[in-house]
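*Asks:* Structure, please.
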Amino acid sequence: MSGIKVIKDKCIGCGVCLKVCPFGAISLKDKLAVIDSDKCTLCGACQSACKFDAILIVKPEASLKKDFSEYKGVWVFAEQRDGEISSVAFELLGKAKELADDLNTYVGAVLLGWGIKDKAKELIYRGADKVFVVDKEPLKNYIAENYTRAIVHLIRKHKPEIFLAGATSCGRSLVSRIAVNIYTGLTADCTGLDIDKEKKILIQTRPAFGGNIMAQIISPNYRPQMATVRQKVMPEAKPDPLRKGSIITEDIDEILADPRIKFVDFIKESGQTVNLAEADIIVSGGRGLAGPENFGMLRELAEVLGGAVGSSRAVVDAGWIPYSHQVGQTGRTVCPKLYIACGISGQIQHLVGMQSSKTIVAINKDPDAPIFKVADLGIVGDVFEIVPLFIKKLRQRNEV
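*Replies:* Below is the predicted model of the structure:
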């Protein structure tokens with residue numbers, strides 16, 4: 001039996017335990033410490049600080065080592081829309097191959113939809129050894145509950161060791177539901193994956209505390225080990241038309257369609273949209289632009305270069321530009337061939353989203369701006385003078 005209690009005969013009500021409790025779970029009542037069990041996590045900080053041995057913590061006994069020998073394979077959710085497989089699936093297949101080699105197992109891909117069987121070969125060419133296909137009409141349109149039922153069925157039947165999905169709006173809504181249904185752990189928004197060679201478990205790396213540290217997370221006691229991975233932080237697996245693999249068509253007998261939900265229509269976002277994740281060239285602006293009207297200058301530069309316009313979080317929060325343009329920890333993770341940062345200081349939250357770019361050009365009037373630490377080319381100067389010169393020179397070159 002686990003828990004925590006205060007030994008009344010030893011507690012003198014000094015209040016030291018209140019100061020060290022990181023969860024605010026302790027209060028004083030009638031000169032005795034009182035612990036709120038709903039807030040307490042049994043971290044032990046209060047017990048260590050108490051000089052009178054007045055706090056007793058009983059932690060649960062370590063459970064017996066579980067047998068995971070039946071769990072094999074590194075699976076990837078092959079997200080698709082309108083029959084086109086998302087590029088993040090190809091990125092994950094490349095990493096899955098590395099993980100599978102370390103574990104001496106196979107790479108699996110899960111493909112759900114309606115009329116999508118012919119896309120399975122594309123996943124094999126990109127690195128999948130087995131493709132599990134569920135081609136059913138209830139899966140024609142993405143409905144999280146229906147997709148969850150299908151994948152939970154596959155996981156319980158085939159027992160993969162690792163399950164990966166892209167940290168897209170679809171992946172985030174789906175994988176959390178799967179984890180709850182099969183009672184396993186989940187690490188979201190990973191930027192790195194590796195295998196502990198000794199323990200043979202997945203090491204999942206993600207930014208934490210506002211991007212100030214990189215946390216390594218493991219899930220040793222449950223299977224499958226699950227993670228969502230940010231798009232464009234890993235290279236795509238290159239296609240090999242000569243690769244061979246098996247396509248396993250699953251005819252799930254149980255009802256896939258959740259009777260509570262009915263797909264009515266899909267309404268695309270009106271107006272001009274931007275797909276930063278797929279852009280080869282991105283011109284981004286920050287608070288140094290001084291106002292929303294000056295983004296017109298960046299749009300012109302992006303147009304000349306054939307690129308897209310990005311931004312920092314600060315200008316999105318200020319309402320200068322829509323969220324779909326935001327690059328960073330809480331926005332898009334991008335990996336273009338060329339990233340031009342205009343008037344962006346380069347806080348860690350922004351750098352997390354763009355530091356993998358092939359070439360980074362930074363324009364800022366502050367020579368000590370953090371953005372220059374990751375830039376391949378830094379220009380110290382006024383963005384309102386430099387960007388128009390860029391545009392002028394590029395237009396002259398294009399006219400030649």
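*Asks:* where does the stretch 1-150 of the chain dip in pLDDT?
*Replies:* 1-2, 59-65 (pLDDT under 70).
*Asks:* what ranges do the strands span in it?
*Replies:* 3-6, 26-29, 32-35, 55-58, 74-77, 80-81, 84-85, 107-113, 130-135 (DSSP state E, counting those that start in this stretch).
*Asks:* Among the ones you listed, which comes closest to residue 396?
*Replies:* strand 84-85 (38.4 Å; Cβ to Cβ). In this view, the C-beta of every residue, glycine as well, is placed from N, C-alpha and C.
*Asks:* Strand partners (parallel or antiparallel) of that closest one?
*Replies:* Paired strands of strand 84-85, with direction, are strand 80-81 (antiparallel) (DSSP bridges).
*Asks:* what sits up against the partner strand?
*Replies:* By Cβ atoms under 8 Å, 6 or more residues apart in numbering, the surrounding residues in contact with strand 80-81 are 86, 89, 111, 112, 113, 116, 119, 142.
*Asks:* repeat that with 10 Å
*Replies:* 86, 89, 111-113, 116, 119, 122-123, 141-142, 168, 170, 266 (Cβ atoms under 10 Å, 6 or more residues apart in numbering).
*Asks:* Check stretch 287-300 too.
*Replies:* Contacts for stretch 287-300 (Cβ under 10 Å, 6+ apart): 272, 282-285, 302, 307-312, 314-315, 318-321, 325, 340-345, 363-366, 369, 382-384, 387-388, 390-391, 394-395.
*Asks:* what's the distance between residue 79 and residue 206?
*Replies:* 19 Å (Cβ to Cβ, to the nearest Å).
*Asks:* follow-up on the earlier one: let me know which of the strands of the stretch 1-150 of the chain is tucked in deepest.
*Replies:* Mean neighbour count (mean count of other Cβ atoms under 10 Å) peaks for strand 74-77 among the strands of the stretch 1-150 of the chain, with a mean of 30.
*Asks:* how much distance is there from that one to the middle of the chain?
*Replies:* 15 Å (Cα atoms, centre = their mean, to the nearest Å).
*Asks:* Within the sheet, what are the partner strands of it, with directions?
*Replies:* strand 107-113 (parallel), strand 162-166 (parallel).
*Asks:* Quick check: what element follows the shortest one along the chain?
*Replies:* Of the helices and strands lying after strand 162-166 in sequence (DSSP states H and E), the nearest is helix 169-182.
*Asks:* Any buried residues in that next one, and which?
*Replies:* For helix 169-182, the neighbour count (16 or more other Cβ atoms under 10 Å) marks 170, 171, 174, 175, 176, 177, 178, 179, 182 as buried.
*Asks:* My understanding was that the last one contacts residue 151; is that so?
*Replies:* In this case it means residue 182. Yes - contact criterion Cβ atoms under 10 Å: residue 182 and residue 151 qualify, at 9.2 Å.
*Asks:* Need the overlap of contacts for those two.
*Replies:* Residues touching both residue 182 and residue 151 by Cβ under 10 Å, 6+ apart: residue 163.
*Asks:* What's the local residue count around residue 242?
*Replies:* 6 (other Cβ atoms under 10 Å).
*Asks:* That one belongs to a helix, doesn't it?
*Replies:* No - the assignment for residue 242 is coil, going by DSSP: H, G, I helix; E, B strand; the rest coil, so no helix is present there.
*Asks:* What segments of this protein are helices?
*Replies:* 16-20, 45-49, 87-103, 120-125, 144-158, 169-182, 295-305, 313-317, 348-354, 383-399 (DSSP state H).
*Asks:* which one of those helices lies closest to residue 197?
*Replies:* Using Cβ to Cβ, the helices of the chain put helix 87-103 closest to residue 197, at 6.7 Å.
*Asks:* Distance check, the residue sitting nearest the centre point of the chain against residue 398.
*Replies:* Centroid check for the chain by Cα atoms, centre = their mean gives residue 189 as the closest residue, at 1.8 Å. Remark: distance between residue 189 and residue 398 (Cβ to Cβ) = 39 Å.
*Asks:* Please apply the same query to residue 351.
*Replies:* Distance, residue 351 to residue 398, using Cβ to Cβ: 32 Å.
*Asks:* Could you check which of the two has the larger neighbour count?
*Replies:* Neighbour totals were compared for residue 351 and residue 398, and residue 351 leads with 21 against 8 (other Cβ under 10 Å).
*Asks:* Now which of the contacts of stretch 287-300 would you call buried?
*Replies:* Judged by 16+ other Cβ under 10 Å, buried ones among the contacts of stretch 287-300: 282-285, 302, 307-312, 314-315, 320-321, 325, 340-345, 363-364, 369, 383-384, 387, 390-391.
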